[in-house]
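1. Generate coordinates for the sequence data below:
(chains A, B and C)
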Amino acid sequence: MPEATAPVGQNQTAAFEPKIVAFFCNWCTYLAADLAGTSRLRYAPNVRVVRVMCSGRVDPQFVLEAFAQGADGVLIGGCHPNDCHYQEGNYKALRRYHLLRRMLEQMGVEPERFRLEWISASEGERLRQVVNEMVEQVRALGPFRKSEQFEPAEEAVAR
Amino acid sequence: MKPKLAFYWCASCGGCEEAVVDLAEKVLDVVAAVDIVFWPVALDFKRTDVEAMPDGSIAAAFINGAIRTSEQEEMAKLLRRKARIVVAFGACAQTGGVPGLANLYDRESLLRAVYSESPSTLNPEGTRPAPHYATNGAALELPVFWDRVRALGQVIPVDYSIPGCPPTPKLLADAVAALLTGSLPERGAVLAPDKALCEECPRRESKPDKLAITRFRRPHETLIETDRCLLAQGLLCLGPATRAGCEARCIQGNMPCTGCFGATSRVRDFGAKALSSIASLTGSNDEAEIIRILENIPDPVGTFYRYSLPAAPLPGKRPNRAGK
Amino acid sequence: MTKPSARIGVYICHCGTNIAGTINVAALREFAATLPGVIVARDYKYMCSDPGQELIKADIAQHGLERVVVAACSPHLHEHTFRTACEEAGLNPYLCHMVNIREHDSWVHSGEAATAKARDLLRAAVQRVAWNRPLERRSIPIRQSVLVVGGGIAGIHAALTLANAGKKVYLVEREPTIGGHMAMFDKTFPTLDCAACILTPKMTAVKDHPNITLWTYSEVIGVEGFVGDFKVRVRRKPRYVIEDLCVGCLECIEACVYKQPKFYDEFNQGLGKRKPIYIPFPQAVPQVVVIDPETCIEFKSGKCKKTCLEACGERQAIDFGQQETIETIEVGAIILATGYKAFDASRIPYYGYGVYPNVYTALEVERLINAAGPTGGELVLRDGRKPRSVGIVHCVGSRDEHTNRWCSRVCCMYSLKLAHLVKERTGAEVYNFYIDMRTPGKAFEEFYNRVAEEGVHFIRGKVADVYPAETDGRLILRAEDTLLGQVRKIPVDMVILATGLEPQADATEVRRLFNISCSSEGWFLERHPKLAPVNTFTDGIFLAGCCQGPKDIPDTVAQAGAAAAEAMQLLDTGSIELEPNTAYVLEEVCSGCKTCVGLCPYNAISFLPEKNVAQVNEALCKGCGTCVAACPSASIRQHLFEDEQIFEEVVGVLA
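-> Modelled structure (predicted):
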């Protein structure tokens, strides 16, 4: 039975390019991405960065919205513990992340699709690694497809 | 001529019907002012009676319950045609409600649980409900059980919502009064205050300015004080995230708010926002400790999307991937 | 909220070929023109140039643009440029939004994927900018004083520069004296000036300057506030001597019950001894003795005769009961000049430091050849002999996979200096073992030639091993001479390890205290490696000297001057405009749930019981947005990062 609901992208995994929405804090991870740029560190082009001042600004609503709008993964980047430009914003992000991570798992979102990473302004190389690794993991999982809001009756009856 | 009203129930528990009955003596005022032309719970009108009415002849239809079956969908569409105003009445119609949590499972799992696996089930033939059933030369049609639960607004355009599980009689009376006096707000509005419940909570003054929760408790795990903010007692009260208008009924019953009135208009996603506020109050910066504290919330979806999963950005569990 | 409509202009920068070489800017422009609200879309070679900015200004006037999107480099580089351009054209600067298609795209991606990413980012920006609203910057006065942390040559120079310009300076140094590493050196390369001769007048000038408050033996323990208005707490450790009363006669040291110096002398790297009451070196500033409670009998047993007290007599400068004090100062800017730490040579076991007594670090040798050092300037081995041959090992803890990868920049030159001095003082044969000789400074190469002509030997090879000869106990340096292509073993009497420079051991704590960033090696991170080398990402905090990376004295002094100039420029502006991205409460819908109140690290949110609402103090709010993300009824919002704006970006990048 679940075959009928298998994502259409399943047979096209080879051509699948995941889209990952990244919320990067202005002071650490966004700068790490800037540094990766000035250092010409090439990495997977699948990430779309949304700049926020602090990882503490990332409202779980944004994460859910990203998945609902078709993101295959969501990455939050903040300053390392003790290093937050705003002292404690990253801890607020951490608290929300752990509860949200569990809620997303209940909804069938694989853990690899939702990550919180501490990447400081000097860690351009780490930014590259995290992005490349996440893109590969999400690529292996295949496209994220949220549960359909409704399945046509005929299909339902046929089974 | 008095304006015509219709009441209908879809996937619901019947509590919303009770809310209408709970108008008590006020119901007489309502009846005096309007004609109730359809109310299956209380009055003997048939679907064919509604079908016979001219389109747009009903002033307002109050529909409670979520949409799970083909019949519910058909009735919703029928009433939409016949009524000038459709009101999603109660949490299930508004956002899917408790029945919407079934979206964490696919239909097959649900049917298997109910018709095979539940301890009280005795069903050796493995009979399942079927839309078409023939026996003794007679054909029986049953509604189709859809794969997912939807909110009313996901099936037909809805003009207003009255939140609650169930709504209070006062909100219903106010809505009917507004309808009769033509003082309804802009279409799409939720007919309840747009502030959070703390505003009208009798315990609000006992809430500390700075709250850091190191142990979340479920109601059965503690002796709940009757005069202190429930969050301050570690109880997961969703009042801060939930619309006011219920008169803090649960709090007055010494139980935490579970969020049935849904979010304010400024919030798109009740579950995510409520989760954010609660998680933010976790009283630690240490990762292991944070995880440990939050483990006291064993069922995040059931906690934060108890009344609104079908209307959420991710409206249920994702379908299994092939091969899984 | 209903979606606003606005007349939007989109500007795509080629950045020469930096962007246009990778991203199809023409296609991007055509794409931009199709986006809702976009009235005009242009691409140009250098948007940040004057003509580029003029394009924007002209369009604002001609087309009545209400929003501007610039797709170019990082907003950290040019956001201010384009906001200012908009402002000059009469458009509120916060109606301008930047898209980073260089650092985040053309420099790291290639091909169609890069252009596709640019399209997504641009679409998001166009959608979000429609929600931008005009905002006003807040202005606060800048305090006319500067804190300089660290009293080495960098801190001294910065402090004097500022003080001479009439600024009030607090100079905080954690050691009992200022002077730093430079005070320990004998001569400075390549001119061979006596370090003390050129440094001590500046040290004295610091002490005497009416605009400088000098706190030695003190440490910064807390920093609050922000550019223009820092509140800094300084712990002044007890030196058990009242600074104002001590005249530096040093009679107390003479009178100490320990007749001979007995304890490890930090300033002389332990090659000399000091008493429990001491002054680090004769020209120390301030000229105030200090008592080490770890070794002083009075502190250990309470049974000392306290001959020092007697010697001090009526001056009564000695105070065994002195307690630490905490001072709070308010400054407009901070200069960090916290210096470096010499590499710990014992981390490389095969060089035998700490095992063979005749293996020295360069800093030890500086003290040995210094006339004020433990041997009065005699370069002798621990047994009193003069070395007849000396090997200098370059790159100890530098350019090394196993320790530090960086070049410490000064070791080649100070090794040449030491080679010269050793030869001059002892006539010994000197062997320099180097990987590459790095002498790129002014008159450096000439100095190298001079030393070579003096007969110093140069062997190009990394020393693999230092071990004692079985016969006479001399130390053998084994290295492959990569010019000869053979392994050489050179026996010497003395080995000098040219230890590299490392970040201070507590650099991480210090940077957290000041809320600045570090490079991965631990050096404090400048805002831009070329164009903002003394600025940090925290406004109002500047860097000078080796805390930012290894450098020699001339570079350190130049950087200290630059940091002072930056601080001065800031102070002379008089007031500072703060970014308006603060949080604000929608009072009419706030339910007074107080969720936000405890989350603010700056105590910027208070609860008003009479109104039953939260209130944000905009002067205290730093604009992180944590409260906004947490507000359960979305009744707190953040300027410039409104929910709608972020949602639009999410939707925009995914459309």
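
2. Next, the buried residues of stretch C:236-255.
-> Neighbour-count burial for stretch C:236-255, counted by 16 or more other Cβ atoms under 10 Å in any protein chain shown, picks out C:236-241, C:243, C:246, C:250, C:252-253, C:255. Yep, even glycine has a C-beta here, placed from its N, CA and C like the rest.

3. Now render the residues you listed as a markdown table, adding secondary structure and pLDDT.
-> Shown next, in a markdown table, are the buried residues of stretch C:236-255 (DSSP: H, G, I helix; E, B strand; the rest coil; pLDDT from 0 to 100):
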| residue | secondary structure | pLDDT |
| --- | --- | --- |
| C:Arg236 | strand | 97 |
| C:Lys237 | coil | 97 |
| C:Pro238 | coil | 97 |
| C:Arg239 | coil | 96 |
| C:Tyr240 | coil | 97 |
| C:Val241 | strand | 96 |
| C:Glu243 | coil | 94 |
| C:Cys246 | coil | 95 |
| C:Leu250 | coil | 93 |
| C:Cys252 | helix | 95 |
| C:Ile253 | helix | 96 |
| C:Ala255 | helix | 95 |
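
4. between those residues, which is closest to chain A?
-> Distance ranking of those against chain A, using Cβ to the nearest Cβ, places C:Lys237 first at 24.7 Å.

5. what sits against that closest one?
-> The contact partners of C:Lys237, taken as Cβ atoms under 8 Å, 6 or more residues apart in numbering or on different chains, are C:217-219, C:324.

6. Now with 7 Å, please.
-> C:Lys237 sits next to C:217-218, C:324 when contact means Cβ atoms under 7 Å, 6 or more residues apart in numbering or on different chains.

7. Can you list phi and psi of it for me?
-> Dihedral pair for C:Lys237: phi -70, psi 150, per degrees, to the nearest 10.

8. again with the one 3 residues further on
-> Phi and psi for C:Tyr240, reported as degrees, to the nearest 10, are phi 60, psi 20.

9. elements contacting the helix or strand where B:Lys273 lies?
-> According to DSSP states H and E, B:Lys273 maps onto helix B:270-280. Applying 3 or more Cβ pairs under 7 Å, 6 or more residues apart in numbering or on different chains; DSSP states H and E, one finds that helix B:270-280 contacts helix A:60-68, helix A:89-106, helix B:300-304, helix C:626-630.

10. which of those sits most buried?
-> Comparing those by mean neighbour count (mean count of other Cβ atoms under 10 Å in any protein chain shown), helix C:626-630 ranks first with a mean of 29.

11. what's the helix or strand that that one is followed by packed up against?
-> Downstream of helix C:626-630, the first helix or strand assigned by DSSP H and E is strand C:636-638. Counting contacts by 3+ Cβ pairs under 7 Å, 6+ apart, strand C:636-638 packs against strand C:583-585, helix C:626-630.

12. Of those, which is nearest C:Ser346?
-> Evaluated over the helices and strands packed on strand C:636-638, closeness to C:Ser346 peaks at helix C:626-630, with 45.3 Å, by Cβ to Cβ.

13. Which residues outside the closest one are in contact with it?
-> Contact with helix C:626-630 is made by A:54, A:56-59, A:86, A:89, A:92, B:276-277, B:280, C:583, C:595-596, C:599-600, C:605, C:636-638, as judged by Cβ under 7 Å, 6+ apart.

14. same question, stretch A:110-117
-> A:63, A:72-77, A:93-94, A:97, A:101, A:104-105, A:130, A:134, A:137-138, A:141, A:144.

15. contacting residues around residue 139?
-> Let's take chain A. If you count contacts by Cβ under 7 Å, 6+ apart, A:Arg139 has them with A:16, A:18.

16. wrong one, chain B
-> By Cβ under 7 Å, 6+ apart, the residues touching B:Ala139 are B:His132.

17. Which helix or strand contains it?
-> With elements taken from DSSP H and E, the one containing B:Ala139 is strand B:138-141.

18. what does chain B put close to chain C?
-> Residues of chain B lying near chain C by Cβ under 7 Å from any Cβ of the partner chain: B:194-199, B:204, B:207, B:209-212, B:240-241, B:264, B:266-267, B:273-274, B:276-277, B:280-281.

19. Narrow those residues to those in strands?
-> With DSSP state E as the criterion, strands contain none of the residues of chain B next to chain C.

20. Show only the entries of those found in helices.
-> Among those, the residues falling in helices (DSSP state H) are B:273-274, B:276-277, B:280.

21. Show the residue spans covered by the helices in the stretch 101-250 of chain C.
-> Using DSSP state H, counting those that start in this stretch, the helices of the stretch 101-250 of chain C run over C:111-129, C:153-164, C:195-208.

22. The longest one near chain A at all?
-> Yes - under the criterion of Cβ under 7 Å from any Cβ, chain A is reached by helix C:111-129 at C:113-114, C:117, C:120-121.
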